[in-house]
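In: sequence first, then the predicted structure:
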Amino acid sequence: MMSVTKMVYPLYQLGNPQLRIFRPNWFLTLVRPGKEQPPDTVQFRIPMDMTKYDVKNYLEKIYNVPVGVIRTRIQFGSNKKRNHLNQKVKKPDYKVAYVQLAQSQTFTFPDIFPEKDRTPKEGSMEEMQEKFMEDEKQRQKPDPRRGGVTEWFGL
Amino acid sequence: MAARIRLPLLLPRSFPPLRSLKHVHTEAAVKEPQYPPIVASLTAKSKSARVRQNEERIKIISSSPVEEKLSLITRIQRMKFVVYPQTFSRNPDRWYQHFTKSAYIPGLPEKFNPAPEGSQSATDQPAVPEIDDAAFNEIRDLVTRVILYEHWHKTRKRQPFLYKHQEQVVGPFLKTLVSELTYNLAKYNPLLRLSSLDLSPQVNFYWRRGKRIIPKGHRRGRQEPIRFQIDDQPHSQIRIPQQLPQFAPLEASYTAEVPEIHLAPNVMPLFRRQYDNNIFTGAKLPDPACYGHTQFHLVPDRYHRDRLARQQHSDQVEPFLRANAAASLFAWTGAQAMYQGFWDYQDVSRPFVSQAVITDGHFFSFFCYQLNTLALSVETDANNPRKNLLWGTESLRLYEGVQDGAVVGLDDGVLRLLVQFLMNRPHS
């Protein structure tokens, strides 16, 4: 995401002009929380360089989201897995931000992959194929009157 | 025929009594069981053995004297959630009410409410029963003197540096106010003469509520109770040798609503540590003043309403105060109850009552707490309809400010509430 040269911000001293970023090169990712979170908490994956104050200003100024409190942590990506050449493969580290919304607003992560109704429509090829497969499976099943006993022996 | 009957070779002289019809209707002699009752094993590696071990432990604890009881309950150290009464989390009042099984009732109980206006004119009725107008004026003068004294000192001294204002300015003011008021009201309330005023006491309480399944480790998959510990340091508190009367009967708490939260406490955020489990009211067990009267709390600078207003979190001021009151008073009343020998499996037979005043110098909030149940763990809470009750007010301003050596806008209602709180005593 970031280029090789690291962005260096000028050190702030009292009296300096306030640092303003007009086109931030940061992109937040809203994720579904792995563990159950309270209804006013939203979970983001943020770039490693961002701080809590950066996230707060980002959400308030660009998206007008009333932000209460933010907590961040860095998730270590494992370096344990090895590839076919027995070299260690590192999964990248990422920073997670838990944003609690102000003004008693709530947020639930939406269902992005809803269950689709898989019945095929009438008279189509898929329906005939499904029926054929079902009949085949029925024919393969053993006789229910034998109560689970195999058909290898018998009269 | 004879060949069909098989008789023994040696016929007994008299046949055994069971076979003869003579003794059928007599009662069998009552015999003491010769073997002990069949119970689950104590040392097997089974669930019933674990259950029996717990039952034995409960029996031993229930039958021991109070000091041993406390040490047995707090003996084993394990990771527990440390609940801070003054916390930076958002909406902590709902969480703390859930942890302590307390229901919040806005307003104070009936005995502190002012008389209805229609019955008598306000000037005829004395401001507080048992205190006439002259005495109330004396108290008002006393409070103005304390405010002016502290204000003069505050302007004389150097302004305290960052985050020390409450501790260095409001702390001494509250200390003087409390000690002066207690001393002056002792002539109207004989209980205050026998009371003990502690300054910066320690109040600790340890309890268990709820269960969780251990996710990782050698104990993975097993059930574990969630443990909590409160270590509180109120600004000052008054302890008395007799118990205060209850504000509401036990049965009234059955209908109260306690917020239920099904999330783990660490999401709040709340952090776990392992150290000594302490249960302490402010004085050791043999102290005669073992019941609580009133606690006074200071709002620290980091949670002051001005700072929260600057950060646009003004709506968090009241939840913070409520959470502080719920946690501190639950810890204090719970410790008082445990000093009397009640615990999880021996629930309180009478409600324990305490009061608290939380202030930041200008704004005063009054809270009353009634502990109806100590049975908060999963096994004992299953059929427990009792709930603890917390009454509380919003923040009320005591005085507007000090101008030209005079206190401006001293609110009589707040003063009356303060005096009523200190005058609260058992009827006898």
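Out: Looks like it arrived, so ask away.

In: for A:K95, see how far away the residue nearest the centre of chain A is.
Out: Residue closest to the mean C-alpha point of chain A, counted by C-alpha atoms, centre = their mean, is A:V31 at 4.5 Å. As judged by C-beta to C-beta, to the nearest Å, A:V31 and A:K95 stand 12 Å apart. (Each C-beta comes from the backbone N, C-alpha and C, glycine too.)

In: need the per-residue pLDDT for the residue in the stretch 51-200 of chain B that chain A sits nearest to.
Out: Per C-beta to the nearest C-beta, B:R90 is where the stretch 51-200 of chain B lies closest to chain A, at 5.2 Å. Here, the pLDDT recorded for B:R90 equals 93.

In: count of neighbours near it?
Out: Using other C-beta atoms under 10 Å in any protein chain shown, B:R90 has 23 other residues around it.

In: what about A:N86, neighbour count?
Out: 6.

In: does the residue in the stretch 201-350 of chain B that chain A sits nearest to count as helix, strand or coil?
Out: Closest residue of the stretch 201-350 of chain B to chain A, C-beta to the nearest C-beta: B:L263 (5.4 Å). B:L263 falls in the coil class when you classify it by DSSP: H, G, I helix; E, B strand; the rest coil.

In: do you have the strands of the stretch 251-400 of chain B handy? List them.
Out: Taking DSSP state E, counting those that start in this stretch, the strands of the stretch 251-400 of chain B run over residues B:272-273, B:291-298, B:352-359, B:363-371, B:388-392, B:396-397.

In: show me where the chain has helices.
Out: In the absence of a named chain, this looks at chain A. A:52-57, A:63, A:125-140 (DSSP state H).

In: sorry, should have said chain B
Out: B:47-62, B:66-73, B:92-100, B:133-156, B:165, B:171-185, B:190-193, B:305-310, B:317-339, B:378-381, B:412-423.

In: just put those helices in JSON lines and tack on mean neighbour count and distance to chain A.
Out: What follows is the helices of chain B, written out as JSON lines (neighbours: other C-beta atoms under 10 Å in any protein chain shown; distance: least, C-beta to the nearest C-beta, whole Å):
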{"stretch": "helix B:47-62", "mean neighbour count": "13", "distance to chain A": "28"}
{"stretch": "helix B:66-73", "mean neighbour count": "16", "distance to chain A": "31"}
{"stretch": "helix B:92-100", "mean neighbour count": "24", "distance to chain A": "9"}
{"stretch": "helix B:133-156", "mean neighbour count": "15", "distance to chain A": "27"}
{"stretch": "helix B:165", "mean neighbour count": "19", "distance to chain A": "22"}
{"stretch": "helix B:171-185", "mean neighbour count": "18", "distance to chain A": "28"}
{"stretch": "helix B:190-193", "mean neighbour count": "16", "distance to chain A": "42"}
{"stretch": "helix B:305-310", "mean neighbour count": "13", "distance to chain A": "11"}
{"stretch": "helix B:317-339", "mean neighbour count": "25", "distance to chain A": "11"}
{"stretch": "helix B:378-381", "mean neighbour count": "14", "distance to chain A": "19"}
{"stretch": "helix B:412-423", "mean neighbour count": "19", "distance to chain A": "29"}
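
In: that older thread, do I have it right that the residue of the stretch 201-350 of chain B closest to chain A meets A:Q37?
Out: Yes: using C-beta atoms under 8 Å, B:L263 is in contact with A:Q37, at 7.4 Å.

In: mind checking which of those two has more residues around it?
Out: A:Q37 (18 against 15).

In: list the contacts for the more buried one?
Out: A:Q43, A:Y98, B:L263, B:V267 (C-beta atoms under 8 Å, 6 or more residues apart in numbering or on different chains).

In: quick check: B:Y339 touching B:P286?
Out: No: using C-beta under 8 Å as the test, B:Y339 is too far from B:P286 to be in contact (9.9 Å).

In: in chain A, what secondary structure element scores lowest on mean pLDDT?
Out: Across the helices and strands of chain A, mean confidence by mean pLDDT, DSSP states H and E is lowest for helix A:125-140: a mean of 92.

In: same question for that one: list its buried residues.
Out: Residues of helix A:125-140 include none that count as buried (16 or more other C-beta atoms under 10 Å in any protein chain shown).

In: can you show me the CA trace of it as CSV?
Out: What follows is helix A:125-140, C-alpha atoms only, in CSV (Å, rounded to 0.1, in the frame of the first residue of the first chain):
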residue,chain,number,x,y,z
MET,A,125,-32.4,-28.1,-17.6
GLU,A,126,-31.2,-27.7,-14.0
GLU,A,127,-34.5,-29.0,-12.6
MET,A,128,-34.4,-32.1,-14.8
GLN,A,129,-30.8,-32.8,-13.9
GLU,A,130,-31.6,-32.5,-10.2
LYS,A,131,-34.5,-34.8,-10.5
PHE,A,132,-32.4,-37.3,-12.4
MET,A,133,-29.7,-37.2,-9.7
GLU,A,134,-32.2,-37.6,-6.9
ASP,A,135,-33.7,-40.7,-8.6
GLU,A,136,-30.2,-42.2,-9.1
LYS,A,137,-29.5,-41.7,-5.4
GLN,A,138,-32.7,-43.3,-4.4
ARG,A,139,-31.9,-46.3,-6.6
GLN,A,140,-28.5,-46.7,-4.9
